[in-house]
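> starting from these lines, generate the structure:
(one chain, ligands or ions: 1)
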Amino acid sequence: MTTKEKIFNKLNSHKETAVSGEKLAEACGISRAAVWKAIQALREEGFNIEGSTNGGYIYRKNSDVVRSDVVKDFLVQKYPGLKKAVIKCFKTIDSTNTYAKKLLSENEKRALDKTVIIAEAQTAGRGRLGRTFCSPEKTGIYLSVIYVPSDRKIEPAKITAFSAVAVKRVIERFFDVDAKIKWLNDIYVNDKKVVGILTEGFTNFETGIIEAAVIGIGINICTKKSQFSKEAQKVAGSITDKKDFGISRSQIAAEVAGEILSIFNEKPQKVIREYQDSSFLKGKTVEVHPIIDDENGVYSATVIAINEEAELVVKLKNGSIKKLSSGEVTLHQE
Ligand code: BTN
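Next up is the predicted model:
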């Protein structure tokens, strides 16, 4: 363990109370000057370490540092049952989902259950239907959760809908906003899309069984309009316009991952009700773009409900009712 790590662990264990330089020096077996140097290095990494009036140091948990040990700390504190989760953090990566799928293709899948890959920026972030997902640094958080249930029962619709509910809960826990879920799993705040979710399955070709799921989540926390592509600007927005929003992105990522990995054990009816109650589309007129061939092509319809299977129930102009389990729905102005 490096001196810097030792100092960090010591400060971290003091739960936002001051520790004197002398105590740190003694505990780590180094000089006061070496303590000061390590503190400076940690500050340069982004850790918010205050110097208190009596000469001690206080590590503030709202530090905007995304690091595996910091994320793990937040995760286990809130979800003690997830001690075995593995966290991998990257400053920049092409795509956390691509990385997760590579891991799954090269390793025993069960061993990767509850692996969380987090990036501060992505150079090739992927969205649904082959789109790109704009992932600039410092303004958002991008993560993928690998889920490999022991009973090998993966229900794609459930995973997708439940993940959206999990992310919505975390956003509302941290920010004073009303987050809505736009079927299937986009999250909207103030009529703008602030979260995109891309769920991908890892299917065994021989058995046809989906053996693992990769749930990829991109959250625009304070991304500016100019940072989105022209196309994305039409729908994308951010949760807050405050650059210093005062919450550690490590904590947000930890709670998103924790909530997702826990929500699959909750009573399905309860989660589906939450999903239904959060609907952004209920009562709205939408354009339906079926992914799978549909004799109607793109058509206009009014959303009447979301049913127990997380299907979107729409009424067409001719009065007929359709239940959609896949596809893309856009609002008229999009
Ligand atoms: C969408 O809105 O179409 C889904 C966007 C999903 C983006 C996330 S960011 C983390 C993960 N890695 C990716 O490449 N994509 C997902």
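> interface residues of the stretch 151-300 of the chain facing the ligand?
Residues of the stretch 151-300 of the chain found near the ligand (CB under 6 Å from any ligand atom) are 186, 196-198, 216-218. To be clear about C-beta, it is placed using only N, CA and C from the backbone, and glycine gets the same treatment.
> switch to 5 Å and redo it
196, 198, 216, 218 (CB under 5 Å from any ligand atom).
> format these as a markdown table; extra columns: secondary structure and neighbour count.
Shown next, in a markdown table, are those (DSSP: H, G, I helix; E, B strand; the rest coil; neighbours: other CB atoms under 10 Å):
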| residue | secondary structure | neighbour count |
| --- | --- | --- |
| G196 | strand | 25 |
| L198 | strand | 22 |
| G216 | strand | 27 |
| G218 | strand | 28 |
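> quick check, nearest of the residues you listed to G130?
The shortest approach to G130 among those belongs to L198, at 10.7 Å (CB to CB).
> apart from its chain neighbours, what residue comes closest to the closest one?
G216 (4.3 Å; CB to CB, 6 or more residues apart in numbering).
> enumerate every residue touching the one you found.
95-97, 100, 126, 142-144, 197-200 (CB atoms under 8 Å, 6 or more residues apart in numbering).
> out of the residues you listed, which are inside strands?
Applying DSSP state E to these, the entries found in strands are 142-144, 197-200.
> which of the residues you listed sits closest to S13?
L143 (26.0 Å).
> what about that closest one, how many residues nearby?
For L143, the neighbour count with other CB atoms under 10 Å is 28.
> what's stretch 11-23 in contact with?
10, 24, 32, 35-36, 49, 52, 54-61, 73.
> how does it look with 6 Å?
32, 35, 52, 55-59 (CB atoms under 6 Å, 6 or more residues apart in numbering).
> for D241, what are its contacts?
D241 touches nothing, counting by CB under 6 Å, 6+ apart.
> and the gap between it and the ligand?
21 Å (CB to the nearest ligand atom, to the nearest Å).
> quick check: which element contains that residue?
Under the assignment given by DSSP states H and E, D241 is not contained in any helix or strand.
> the one 10 residues further on now?
When elements are assigned from DSSP H and E, Q251 belongs to helix 249-263.
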